Every structure is written in structure tokens, then in C-alpha cells.
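Trainee: need a structure here:
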Amino acid sequence: MTVEDTMTIREMCEAFQVTPRTLRFYEAKELLFPIREGQKRLFTKSDRARLKLILRGKRFGFSLEEIRQLLELYDMGDAQLTQLTRTYEVAQDRLNDMLRQREELNEAIEELKDQMKWGAEMIASLSEKKDAAE
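Mentor: Below you'll find the predicted structure:
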């Protein structure tokens, strides 16, 4: 592996729009494994691929533990069949959760709209009574 194949922490931050603290956190959680040269961290192509998957998983609401478990399945020796199958299962569960949350949010939005309509009508009614009394 040559230096050209690696990225510094600054380059990783710029490429993935994350902070150094984020990269150190993922390293501490054993999600990334940069090469250490003294205080310097060098991130390999594998680290970049892992970070891309971590960020995608976080975007979809996967827990860090789920992401870590899925990343560990990469080297099963079955051309990633196990990893892809398990990722699909976790993604299906997450999608079902998101759809349920969207349904609940849609219901809450409609209830809030109804309450606001009632509130606007009450304000208008009370304003008319006040104006009539003056």
C-alpha cells in the first residue's frame, strides 16, 4: 500500500463532510481501522468504503451496533451474500419503521390542522363578540 492509496484525516473530513471528532469516534467504536503512524492516521480504500456505508446507514436510521455487525459480515467468504442478505433484512425492518412513523406523523399533522382550524374559528368568534361589545 502506498501513501497515494491512503487519505489523511483532513482529506477524509473534506471528502465526506465529517469532522475529525466523527472519524475518531468511529475508530473508537471499531468501525474504522486507519493505519497509525505516530499521531497520524491514514485511511485506506477499505476505510473509505466503510465510512460511506456507515454514513448511509446512519442516514437511514441504522444504529451504530447494527452497522458494525453488518460491516463485520463482509469477510464471510461468500461473496458478501451473508452481508447483503442481513443488510436487506435490517433495511426492510427500518423501512417498515419509517413507514409506520410517517403514518403516525401524517395523523398528527391532520389532528393539529383540525385543532388550528378550531382555534382560528374561536379567535374569530371572540374577536367579533369583542368588536360588537365596543
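Trainee: how much distance is there from whichever strand or helix holds residue 66 to the middle of the chain?
Mentor: Using DSSP states H and E, residue 66 maps to helix 64-72. From the chain centre to the centre of helix 64-72 is a distance of 13 Å (CA atoms, centre = their mean, to the nearest Å).
Trainee: for stretch 20-29, same thing?
Mentor: Centre to centre, stretch against its chain (CA atoms, centre = their mean), the figure for stretch 20-29 is 15 Å.
Trainee: Outside of it itself, list whatever touches it.
Mentor: Outside stretch 20-29, the residues within contact range by CB atoms under 8 Å, 6 or more residues apart in numbering are 9-10, 12-13, 32-34, 41, 43, 51, 54, 64, 68. The C-beta positions use only the backbone N, C-alpha and C, and glycine is treated the same way.
Trainee: ok, which pair from those residues is furthest apart?
Mentor: 10 and 68 (25.0 Å; CB to CB).
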